[in-house]
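K.L.:
pasting the structure only:
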């Protein structure tokens, strides 16, 4: 089981911490109004998404289709409320859209739809597929001679899917140094603790065995998250960030 | 909600949502000090 994770005391990243707090408040309002959804896995990903969209990702909400933009794939698509709140705060669409989560006709459905929501790079929800998409995006960047980076956020329970490891093997084979997989290691999944359902540990060693550089961080601490997320490209291999988090 | 499996796929009811918002607002105020 992952060791206990603590939320750091407010510090030098106050603006990011305030943003994360605002995103959490949006998520609670959205889910309460919708009457359905996934709070646990949404909350565990908030600091990761905040760090990405407010510091790391080279994206412009005014040009969501810029071919040189960094890509982000929410492979754990059930955390869509957190992604929507982050995208809205970043300016990809109005905050008012958040009120219509999961309503008939709303672009903000329970899992992200790339055809309907500005800023969503891939439709997800069926677990295990996002890293494969990320591999394709990263390869495309190389073939085009483009400098964009690709970040994929996976759930830890999702790493029980075989497709994740096929994608991991391919990423290392093609030496995709522009690809980062962030594993939201909150220790829980729908059927219970991950280590009781299908044990993942030693998870970092598994990613290393598949040829990835691996960094383990407190997934709620910006002082650890930011250097890890920015480290992409320094190694001649893809990077896996195991972000220890708290669900809920 | 923290570390509770039940909250993986269950939305809060109105009362729980209000309680959660209150806790988040108090935490936010601590950040803003």
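P.N.:
On my side now, so go ahead. Because the structure is predicted, anything quoted here is derived from the model rather than measured.
K.L.:
which SSE is the residue most central in space within chain A in?
P.N.:
Chain A has residue A:153 as the residue nearest its centroid, 2.8 Å off, counting by C-alpha atoms, centre = their mean. In the assignment (DSSP states H and E), residue A:153 maps to strand A:150-155.
K.L.:
quick one: is that strand near chain B?
P.N.:
No. Strand A:150-155 does not reach chain B (C-beta under 8 Å from any C-beta of the partner chain); its nearest approach is 10.1 Å. For every residue, glycine as well, the C-beta is placed using N, CA and C.
K.L.:
buried residues, the helix or strand following that strand. List them.
P.N.:
Next along the chain after strand A:150-155, taking DSSP H and E as the criterion, comes helix A:162-173. Across helix A:162-173, burial judged by 16 or more other C-beta atoms under 10 Å in any protein chain shown covers A:164, A:165, A:167, A:168, A:170, A:171, A:172.
K.L.:
next, format the residues you listed as a markdown table and append pLDDT and distance to chain B.
P.N.:
What follows is those, written out as a markdown table (pLDDT from 0 to 100; distance: C-beta to the nearest C-beta, whole Å):
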| residue | pLDDT | distance to chain B |
| --- | --- | --- |
| A:164 | 98 | 19 |
| A:165 | 98 | 23 |
| A:167 | 98 | 24 |
| A:168 | 98 | 24 |
| A:170 | 98 | 30 |
| A:171 | 98 | 28 |
| A:172 | 98 | 31 |
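K.L.:
that older thread, rounded mean pLDDT for the strand holding residue A:153, please.
P.N.:
Mean per-residue pLDDT for strand A:150-155: 98.
K.L.:
for that strand, which helices and strands make contact with it?
P.N.:
strand A:71-74, helix A:130-144, strand A:179-185 (3 or more C-beta pairs under 8 Å, 6 or more residues apart in numbering or on different chains; DSSP states H and E).
K.L.:
in its sheet, what does the first one sit against?
P.N.:
If you go by DSSP bridges, strand A:71-74 pairs up with strand A:150-155 (parallel).
K.L.:
OK, contacts around the residue positioned nearest the centre of chain B?
P.N.:
Nearest to the mean C-alpha position of chain B, counting by C-alpha atoms, centre = their mean, stands residue B:20 at 2.7 Å. With contact set as C-beta atoms under 8 Å, 6 or more residues apart in numbering or on different chains, residue B:20 has these partners: A:28, B:1, B:12.
K.L.:
which of these fall in helices?
P.N.:
residue A:28 (DSSP state H).
K.L.:
got the residues of chain B near chain A?
P.N.:
B:1-5, B:7-14, B:16-17, B:20-21, B:24-25, B:27-28, B:30-33.
K.L.:
what's the PyMOL syntax to select whichever of the residues you listed are buried?
P.N.:
In PyMOL syntax, the buried subset of the residues of chain B next to chain A is picked out as below (16+ other C-beta under 10 Å):
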select buried, chain B and resi 1+3+5+7+8+10+11+12+16+17+20+21+24+27+28+31
